[in-house]
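Student: coords please:
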Amino acid sequence: IDGKARLISDLFCDGLGACIGHCPEGAMKIIEREAEPYNETKVMETIVKAGPNTIKAHLMHLREHEEYEFLKEAIQYLDKHNIEIPNYVEEEVKTHSGCPGSQQLSFEKKETPEINDNSTRPSQLQQWPIQLHLVSPEAAYYRNSDLLLSSDCAGFSYGDFHKDFMKDKSLAIACPKLDSNKQVYVEKLISMIEDANINSITVVVMQVPCCSGLLQIAQHAVANAQRFVPIKAVVIGINGEVLKEEWIRS
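Tutor: Now for the predicted structure:
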């Protein structure tokens, strides 16, 4: 940052493994041992002394690794001490240095033409990425949108998935059975509700019992958010038909 590597106490280690691992001059070495618990407030006390670019890098780091509770704590610290909060969201998009497949992209809306036997139906996808672990709840395409939260299998099971469910909606997909750390999913949905101000959530799941967990995640997020958004539940049969479609009011 600003031409310097920032080395700090292991008191600040959050276990993400994103630190510098090698020095060509042999000035540092990595060892494994017990460290004190991570403390975001103490981290910020040191971070702010290094200047705005270091603050921005730290916030981007927390956001990139989905440490939203620490990110909230860091922003609260800056606000409490009247320190300007940098525009770390936009900067991350411009200087994205992670996996190219997780870079945020927005697509133009596509008109749906009349379909005949020789037609190719256009994709209604408006964004990238779409996997819930990879998306940022603060991305521009979620703001004031209607969210489609779909199980991974539903898009392959229902023939008109794009036309009937994806059109004019932002998208996030997940598997409630196989995905890990589903609490992060709840936190991301809460952020979409409170920060991105989404209008509604349509949850599309398969009829298999394990898939219903995705609807439970959405309901848990709405129950713990500071504002209410309606949830529409859609259940797709394993033969590709819509078995149920209803609004969940609470």
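Student: Only C-alpha atoms from now on, for both contacts and neighbour counts.
Tutor: OK.
Student: Next, the buried residues of stretch 224-244.
Tutor: Buried positions in stretch 224-244, judged by neighbour count with 16 or more other Cα atoms under 10 Å: 225, 228-229, 231-237, 240.
Student: Contacts made by that stretch with the rest, please.
Tutor: Residues from elsewhere that reach stretch 224-244 (Cα atoms under 8 Å, 6 or more residues apart in numbering): 154, 157-159, 190, 193-194, 198-208, 215, 218-219, 222, 245-250.
Student: go with 6 Å
Tutor: If you take Cα atoms under 6 Å, 6 or more residues apart in numbering as the criterion, stretch 224-244 is touched by 157-158, 190, 200-207, 245-248.
Student: re earlier: from the buried residues of stretch 224-244, which land in strands?
Tutor: Filtering the buried residues of stretch 224-244 for membership in strands, criterion DSSP state E, returns 231-236.
Student: Shouldn't residue 163 be within a helix?
Tutor: Yes. When the secondary structure is assigned by DSSP: H, G, I helix; E, B strand; the rest coil, residue 163 falls within a helix.
Student: Would you quantify the distance from it to residue 140?
Tutor: With distances taken as Cα to Cα, to the nearest Å, residue 163 is found 23 Å from residue 140.
Student: Likewise for residue 178?
Tutor: On the measure of Cα to Cα, residue 178 and residue 140 end up 28 Å apart.
Student: which one of those two has more residues nearby?
Tutor: residue 140 (16 against 9; other Cα atoms under 10 Å).
Student: That one and residue 158, how far apart?
Tutor: 28 Å.
Student: What sits closest to residue 23 if chain neighbours are left out?
Tutor: Counting by Cα to Cα, 6 or more residues apart in numbering, the nearest residue to residue 23 once its immediate chain neighbours are dropped is residue 29, at 7.7 Å.
Student: Over to residue 47?
Tutor: By the measure of Cα to Cα, 6+ apart, the closest residue to residue 47 outside its immediate chain neighbours is residue 55, 6.0 Å from it.
Student: where's residue 204, which helix or strand?
Tutor: Under the criterion DSSP states H and E, the helix or strand holding residue 204 is strand 200-206.
Student: now could you export just the CA positions of that strand as PDB?
Tutor: These are the backbone C-alpha positions of strand 200-206, laid out as PDB (Å, rounded to 0.1, in the frame of the first residue of the first chain):
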ATOM      1  CA  SER A 200     -39.000  -8.600  -2.900                       C
ATOM      2  CA  ILE A 201     -37.500 -12.100  -2.800                       C
ATOM      3  CA  THR A 202     -38.700 -14.900  -5.100                       C
ATOM      4  CA  VAL A 203     -37.300 -18.200  -3.800                       C
ATOM      5  CA  VAL A 204     -37.300 -21.100  -6.400                       C
ATOM      6  CA  VAL A 205     -36.600 -24.500  -4.900                       C
ATOM      7  CA  MET A 206     -37.000 -28.100  -5.900                       C
END
